[in-house]
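A.B. asks: here's a sequence, model it:
(one chain, ligands or ions: 2)
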Amino acid sequence: MSVQISPSILSADFARLADEARAVEGADWLHVDVMDNHFVPNLTLGLPVVESLHKATGTPLDCHLMIEDPDRWAPAYVEAGASSVTFHVEAAAAPVRIAREIRAKGARASMALRPATPVEPYEDLLPELDMLLIMTVEPGFGGQRFLDIMLPKIRRTRELIDRHGLQIWLQVDGGVSAETIERCAEAGADNFVAGNAVYGAGDPAEAVRALREQAVAAHRH
Ligand code: DX5
Ligand code: ZN
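C.D. replies: Ligands and ions are numbered 1, 2, ... in the order given. Below is the predicted model of the structure:
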């Protein structure tokens with residue numbers, strides 16, 4: 001099983017997004033945090049910026065929608081150029097329909113869980129998904145402290161995925177850094193979002209390389 005690194009442009013300079021995207025060209029994905037100031041208490045960017053980013057970089061876009069009414073908006077992010085679209089189950093009226101629409105439009109469908117949302121009720125939905133995102137901070141801001149209390153949930157999610165023989169990626173997002181990435185990888189995560197740990201580093205490309213090396217060494221698969 002391979003390890004993937006998805007630098008979050010939330011920690012980048014928004015006035016220089018094209019350059020910031022190019023600064024992490026060795027990354028597997030570019031993580032784009034869409035926030036609407038309703039689902040989370042912060043406001044970031046939306047469809048026009050995703051469209052422009054898609055034109056500006058060859059790195060596939062991993063759009064994380066922290067918005068209300070993903071039922072209405074998620075498919076449009078595929079049209080805007082996202083290769084993976086993550087919606088929050090807490091905001092979704094019909095998660096199966098959203099996942100099917102994302103896939104039908106040609107992107108990977110992913111579902112996110114806030115720290116207080118258990119994974120077990122969604123066991124039967126797993127075949128509809130290409131990735132599960134376990135939040136390791138309360139969503140809304142970059143640079144928060146990693147929540148160690150999420151490690152058991154990462155482990156249980158990995159067990160569920162394996163028990164069903166599924167190939168779903170398990171992404172972690174929030175406070176992932178050189179200090180915490182090994183714990184996440186040992187618990188079974190294979191896709192790692194990192195904002196501050198990449199864009200706060202002097203050399204973002206080198207930070208991606210170093211994080212990948214740590215995750216590969218610690219991954220239990
Ligand atoms: C937080 C966002 C994250 C954020 C992570 O709500 O979903 O993607 O950018 O930033 P760090 O890695 O700095 O915690
Ligand atoms: Zn995110």
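
A.B. asks: make it CA atoms for all contacts and neighbour counts henceforth
C.D. replies: Fine.

A.B. asks: show me which positions of the longest helix along the chain end up buried.
C.D. replies: Using DSSP state H to assign secondary structure, the helix with the most residues in the chain is helix 204-218. Using 16 or more other C-alpha atoms under 10 Å as the test for burial, helix 204-218 gives 204-205, 207-208, 211-212, 214-216, 218.

A.B. asks: mind putting these into a markdown table with distance to residue 140 and pLDDT?
C.D. replies: As requested, those are arranged in a markdown table below (distance: C-alpha to C-alpha, whole Å; pLDDT from 0 to 100):
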| residue | distance to residue 140 | pLDDT |
| --- | --- | --- |
| 204 | 22 | 98 |
| 205 | 25 | 98 |
| 207 | 23 | 98 |
| 208 | 22 | 98 |
| 211 | 23 | 98 |
| 212 | 25 | 98 |
| 214 | 26 | 98 |
| 215 | 25 | 98 |
| 216 | 28 | 97 |
| 218 | 28 | 96 |
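
A.B. asks: got TSV for those, with distance to residue 187 too?
C.D. replies: TSV is the format used below for the buried residues of helix 204-218 (distance: C-alpha to C-alpha, whole Å):
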residue	distance to residue 187
204	25
205	25
207	22
208	20
211	16
212	16
214	14
215	11
216	13
218	9
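
A.B. asks: quick one: the strands in this structure?
C.D. replies: Applying DSSP state E to the chain gives strands spanning 4-7, 30-35, 61-66, 82-88, 108-113, 131-135, 169-173, 191-194.

A.B. asks: most packed of the ones you listed?
C.D. replies: Of all the strands of the chain, strand 191-194 has the most neighbours on average by mean count of other C-alpha atoms under 10 Å, namely a mean of 28.

A.B. asks: neighbouring strands for that strand, and are they parallel or not?
C.D. replies: Partner strands and pairing direction for strand 191-194 (DSSP bridges) are strand 4-7 (parallel), strand 169-173 (parallel).

A.B. asks: can the last one be said to contact ligand 1?
C.D. replies: Yes. Judged by C-alpha under 6 Å from any ligand atom, strand 169-173 comes into contact with ligand 1 at residue 173.

A.B. asks: likewise for the shortest one?
C.D. replies: No. Under the criterion of C-alpha under 6 Å from any ligand atom, strand 4-7 makes no contact with ligand 1; the nearest approach is 7.9 Å.

A.B. asks: quick one: the helices in the chain?
C.D. replies: 17-22, 47-56, 70-79, 95-104, 151-163, 181-187, 196-199, 204-218.
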